[in-house]
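A.B. asks: here is my input, please return the structure:
(one chain, ligands or ions: 1)
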Amino acid sequence: MAEPTVLELLASAARRLEVAGIEEARLKAEWAMSRVLGCRRLELPLRSREPLVPPAFRSFEAAVQRLAIGEPLQYVLGDVEFMGLVLKTDPRALIPRPETELLVETVLACRPLWDRARAPFLADVGTGTGCVVLALASRRPAARYLARDLNRPALDLARENAIRLGLALRIEWAEGDLLEGVPAASLDAVVSNAPYVPTAQWETLTRSIREFEPRTALDGGPDGLAVIRRLLPQTFTTLVTEGIVFLEIGDGQAGAVQSLMAECGFADIQARLDLSGRERVVFGAKR
Ligand SMILES: C[S@@+](CC[C@H](N)C(=O)[O-])C[C@H]1O[C@@H](n2cnc3c(N)ncnc32)[C@H](O)[C@@H]1O
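C.D. replies: Next comes the predicted model:
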């Protein structure tokens, strides 16, 4: 019997994923196929009549099986692009989201931080895959960085990413709870995409998030702000005077987070909007 062609396999995989209730079934099947063939997704039409030989066929089948049980595409492909960097991604850490690029862009655009006489020292709290600290380190190589996470496997993944990108030596890695143990007045900036999803919202998240991504990366307690509430006073203590804190927040949390920042003593508190007009990043300074 003739081996099935790329076109036939794509059609049957997309049907199978649709039946399994997977969103964007065709697109996901195409991404899996392009990886197996080692080509760009947009080149697939040129290869549609090609038969898929057994090793490639088996790889494609394995990928489709993982997608069919709801595993996120980025875990199946094994990487994701963030701020132009290709990062390894797997269930040890949250998949970097496009929204988080706004957090990095806000830090990069902060002139008072980068115009200092000496190279600034920044901490990324809850580094996960390392996406935030690695994007910063690749764009601002003269600065010093500390990457912290409570979750050892996530920190290992972040380090692997840093090694792949040749950035590992610029960053100090530390397993630990928020900024516990970091000396007072030692940091010029604290950047964090800490967990901020209210516990009650967990059940409303898609199955692929609930079943495959680490809950500790997302669950922010009853009102979503339990981690940020603990982080802010530690941040105030560990920042130098004129130090700046940058936080990613959930939709509708800006007012509450800005009040918490003010209570801790932060000044010049501002929010940045994402492309859909939602406040997704807040920042403020220690004066
Ligand atoms: C929303 S994820 C962000 C990951 C990554 N920075 C990103 O933007 O994709 C939050 C991260 O904070 C870490 N985390 C949660 N609680 C923490 C704590 N108390 N101390 C340090 N890290 C913590 C989680 O393990 C997770 O990696």
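A.B. asks: so what's the backbone phi/psi at the closest residue in space to residue 249 that isn't next to it in sequence?
C.D. replies: Spatially, and ignoring its direct neighbours in sequence, residue 249 is nearest to residue 257 (5.1 Å; CB to CB, 6 or more residues apart in numbering). Quick note: C-beta positions are derived from backbone N, CA and C, even for glycine. Main-chain torsions, residue 257, degrees, to the nearest 10: phi -70, psi -40.
A.B. asks: count of neighbours near residue 257?
C.D. replies: By other CB atoms under 10 Å, the residues close to residue 257 number 24.
A.B. asks: and residue 35, by the same measure?
C.D. replies: Around residue 35 there are 17 residues (other CB under 10 Å).
A.B. asks: and residue 150, by the same measure?
C.D. replies: For residue 150, using other CB under 10 Å, the count is 16.
A.B. asks: need the per-residue pLDDT for it.
C.D. replies: Here, the pLDDT recorded for residue 150 equals 98.
A.B. asks: give me the phi and psi angles of the residue nearest to it when sequence neighbours are not counted.
C.D. replies: Spatially, and ignoring its direct neighbours in sequence, residue 150 is nearest to residue 177 (5.6 Å; CB to CB, 6+ apart). With angles defined as degrees, to the nearest 10, residue 177 sits at phi -80, psi 120.
A.B. asks: quick one: residue 122 and residue 192 touch, right?
C.D. replies: No. Between residue 122 and residue 192 there is no contact under CB atoms under 8 Å: 10.7 Å.
A.B. asks: need the contact list for the residue lying closest to residue 51 once chain neighbours are set aside.
C.D. replies: Nearest residue to residue 51, sequence neighbours excluded (CB to CB, 6+ apart): residue 3, at 3.8 Å. Each residue near residue 3 by CB atoms under 8 Å, 6 or more residues apart in numbering is listed here: 51-54, 57.
A.B. asks: now stretch 80-93: mean pLDDT?
C.D. replies: On average, stretch 80-93 scores 98.
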